[in-house]
Structure formats: C-alpha cells, structure tokens
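In: pasting the sequence and the predicted model now:
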Amino acid sequence: MSKVGIVLGSIRKNSFSEQIAKNVASLFPDGYKAEFIDIAKLPLYNQDYDENSPEEYTTFRNQIKEVDAVLFVTPEHNRSIPAALKNALDVASRPWGQSVWNGKPAAIISQSISGLSGFGANHHLRQCLTFLNMPTVQQPEVYLANAQDLLDDTGKITNEGTMEFLQGFVNTFVDLMKKY
C-alpha cells in the first residue's frame, strides 16, 4: 500500500483547500491511501531547535518520513504560499542535511477565490520543491479559480469536467510515484 500525505496550505477549518483535497483523495486507485498531515500546530521554525526539537517537529517529520509521496493543496497568500506551509517546508527540511522531503514525489494543486487560481502560490511552491529535491508533477498543472463556485454545500466538486481533469492529474501523479 502506497501512502500519499496531503498537506494543506490553509490551516482554516473546512477551507476550500481542504474541501478540494477531500475530493481529490477519493480519486486515488486501489493500493494508494491518502492521509491528511496537519501543519497548524507547528511552532515557527527556529534553527535553535535543531539540536532539541519540539515534539511537534518530531511528530511532523515522522509523518512525512512515513509517506511515499506528498500532495500539496494550497491557496495563495500575497502572490505566494501561506506562511504556515512555508514553515512546514522549513521544519521538515532541517536540521541541514536531514530533510525528510528528499526524493519524495510531489504534486501541487493551487486554488483561489479569484480568477488567478493561485498561480503565484503554485510557482513559488514549485521553486521550494525543486530545492528540496522533490520530483513534482509538471503537467497537468492544476490551478483552480473561483474555488467557492466549484463546491456544493457538502463540499463536493459539482463540475464533472473538473473532476475528470483532477482524475487525470491523480493518474499522472500515480505514474510519477511508480518511478520512485
């Protein structure tokens, strides 16, 4: 069984990112288990913690170690990734030379409540993942605009074309995982 960790850039309860990620988690085929990894309680990264890490750091790093791949679903904050997501990337990439992200296949879904679709967040996250040595799905790129209009009252994506597109994205991600 391959495990896919889902890391949300938004730490807000029932965020659009979370709702979208729940829809996508259901698209993985048999033999793949998607699990959400919470980043909300991580203290801000501080190099002083490298020798004596807070328990939250250790737990989070171990969760990332236990997954085979990572799906990031994030909104855009100020044309970049949310601070909580950047913090999570930093926490799990330290101490220097001990990154638990190294070599894990990754995929990105960005979303926003505007027509820009989280383009800036998507590309800033790609830049970080390149440095962290995470092979990342290049095509198709997933930018979901007007996220509030994609979901019904129960959090389900209602547009069949969007779900078909996301299924193709998941299939590409699974193909990438098989290579690693």
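Out: Good, I have the coordinates.

In: mind listing what the residue lying closest to residue 165 once chain neighbours are set aside touches?
Out: Spatial nearest neighbour of residue 165, chain neighbours left out: residue 140 (7.1 Å); criterion: Cβ to Cβ, 6 or more residues apart in numbering. (Glycine included, C-beta is placed from N, CA and C.) Applying Cβ atoms under 8 Å, 6 or more residues apart in numbering to residue 140 gives the contacts 165, 168-169, 172.

In: now go through these and say which are in helices.
Out: Among these, DSSP state H puts 165, 168-169, 172 in helices.

In: what's in contact with the helix or strand of the chain at the bottom of the mean pLDDT ranking?
Out: Between all helices and strands in the chain, the lowest mean by mean pLDDT, DSSP states H and E belongs to helix 147-150, at a mean of 94. Helix 147-150 is contacted by residues 16, 20, 75, 111-113, 144, 157-159, 162 when judged by Cβ under 8 Å, 6+ apart.

In: burial count for residue 69?
Out: Around residue 69 there are 23 other residues, counting by other Cβ atoms under 10 Å.

In: pretty sure it sits against residue 28.
Out: No: Residue 69 sits out of contact with residue 28 when judged by Cβ atoms under 8 Å, with a separation of 10.2 Å.

In: mind listing what's buried along the least confident helix or strand of the chain?
Out: Residues of helix 147-150 classed as buried by neighbour count (16 or more other Cβ atoms under 10 Å): 147, 150.

In: CA-only coordinates of it in CSV, if you can.
Out: The C-alpha trace of helix 147-150 is given here as CSV (Å, rounded to 0.1, in the frame of the first residue of the first chain):
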residue,chain,number,x,y,z
ALA,A,147,-13.0,27.8,-5.7
GLN,A,148,-16.1,28.8,-3.8
ASP,A,149,-18.1,28.1,-7.0
LEU,A,150,-16.7,24.7,-7.6
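
In: and that helix, how far from the chain's centre?
Out: Centre-to-centre, helix 147-150 and its host chain are 19 Å apart (Cα atoms, centre = their mean, to the nearest Å).

In: with stretch 105-116 instead?
Out: That offset, for stretch 105-116, works out to 9 Å (Cα atoms, centre = their mean).

In: let me have the contacts of helix 147-150 in a markdown table, adding neighbour count as columns.
Out: Listed next are the contacts of helix 147-150 as a markdown table, based on neighbours: other Cβ atoms under 10 Å:
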| residue | neighbour count |
| --- | --- |
| 16 | 22 |
| 20 | 27 |
| 75 | 23 |
| 111 | 29 |
| 112 | 24 |
| 113 | 15 |
| 144 | 22 |
| 157 | 18 |
| 158 | 11 |
| 159 | 12 |
| 162 | 15 |
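
In: keep only those of the residues you listed that are in helices.
Out: Those of the contacts of helix 147-150 lying in helices (DSSP H): 16, 20, 162.

In: nearest to residue 120 among the residues you listed?
Out: Relative to residue 120, the closest of the ones in helices among the contacts of helix 147-150 is residue 16; by Cβ to Cβ it sits at 16.4 Å.
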